[in-house]
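A structural model of the following input is requested.
(chains A, B and C)
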Amino acid sequence: MSWTDERVNVLKKLWAEGHSASQIAKQLGGVTRNAVIGKVHRLGLSGRATPSRPVKRPPRLARPKPRLMPDGTVTTPAAAAPAPTEHARPVERPAMIAPLPPLKLADGGAATILTLRDSMCKWPIGDPADPKFAFCGRKSDCGPYCAEHAKVAFQPARKRDQKKSQYDYVRRIAG
DNA sequence: CCCTGATTCGC
DNA sequence: GCGAATCAGG
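Presented below is the predicted three-dimensional model:
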């Protein structure tokens, strides 16, 4: 599809009416929302009553991604950082120490940020500033934690009504 | 995860 | 000029 005058007019109209780029692309057909956005920018009507855009982004860096050329060659602009997708972040260290020690790995050490695999318990153990800081490392089946740590991590929120819950608390810790 | 617009850059 | 890929958010 190409941007005929007719299609451009429809684009202008819908954009002025506040439709999103994906909605416009869907209605026009034959184009993606990226195409619509690109055209909108080229037409110079990017801004409008944007409810959420008070953010100024610093200039984007070049795109360091290998590109597959039509002839099959792969061009890699620069050696991109490994970035092993480690989305394991302690966020907040639990106040109560976990009863479970870190799982010993095959090499004798414990799971660290470098050796933590996807399906390993990401419960932090120790002080993140400590060189010996590690993760539980046990098998985490359907969540970020192993079965034991999941119980601790996903405890239901306590009732905040202290007056009434005090008695319950005593009973709880007493058995 | 879904979505939004913004930007870059090979084509 | 075009738009996929990517980014930065909601």
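
pLDDT below threshold where in chain A?
For chain A, the stretches with pLDDT under 70 are A:49-100, A:106, A:156-175.

Please, where are all the strands along it?
A:67-68, A:74-75, A:124-125, A:134-135 (DSSP state E).

contacting residues for A:Q23?
Residues near A:Q23 by C-beta atoms under 8 Å, 6 or more residues apart in numbering: A:L14. The C-beta positions use only the backbone N, C-alpha and C, and glycine is treated the same way.

Walk me through the domains of chain A.
If the domains of chain A are taken from automatic domain parsing, they occupy A:5-43, A:86-175, with pieces of a single domain joined by a plus sign.

Take these and lay them out in CSV including distance to DNA strand B.
Compiled in CSV, the domains of chain A are given as follows (distance: least, C-beta to the nearest atom of the strand, whole Å):
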stretch, distance to DNA strand B
domain A:5-43, 3
domain A:86-175, 11
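
mind checking how far the residue in chain A that DNA strand C sits nearest to is from A:S46?
Closest to DNA strand C within chain A is A:G38: 2.8 Å, counting by C-beta to the nearest atom of the strand. Applying C-beta to C-beta, to the nearest Å, one obtains 10 Å for the distance of A:G38 from A:S46.

Repeat that for A:L116.
Taking C-beta to C-beta as the measure, A:L116 and A:S46 are separated by 42 Å.

And those two? Which one has more around it.
Set A:L116 next to A:S46 and count neighbours by other C-beta atoms under 10 Å: A:L116 wins out with 20 against 11.

Looks like the more buried one contacts A:C136 (just checking).
No: with contacts counted by C-beta atoms under 8 Å, A:L116 stays clear of A:C136, the gap being 9.4 Å.

residues shared between the contacts of these two?
Shared contacts of A:L116 and A:C136, counting by C-beta under 8 Å, 6+ apart, come down to A:K122.

neighbours of the residue nearest to A:P101 when sequence neighbours are not counted, just the number please.
Nearest residue to A:P101 in three dimensions, chain neighbours excluded: A:I125, at 7.2 Å (C-beta to C-beta, 6 or more residues apart in numbering). A:I125 is surrounded by 25 other residues when neighbours are defined as other C-beta under 10 Å.
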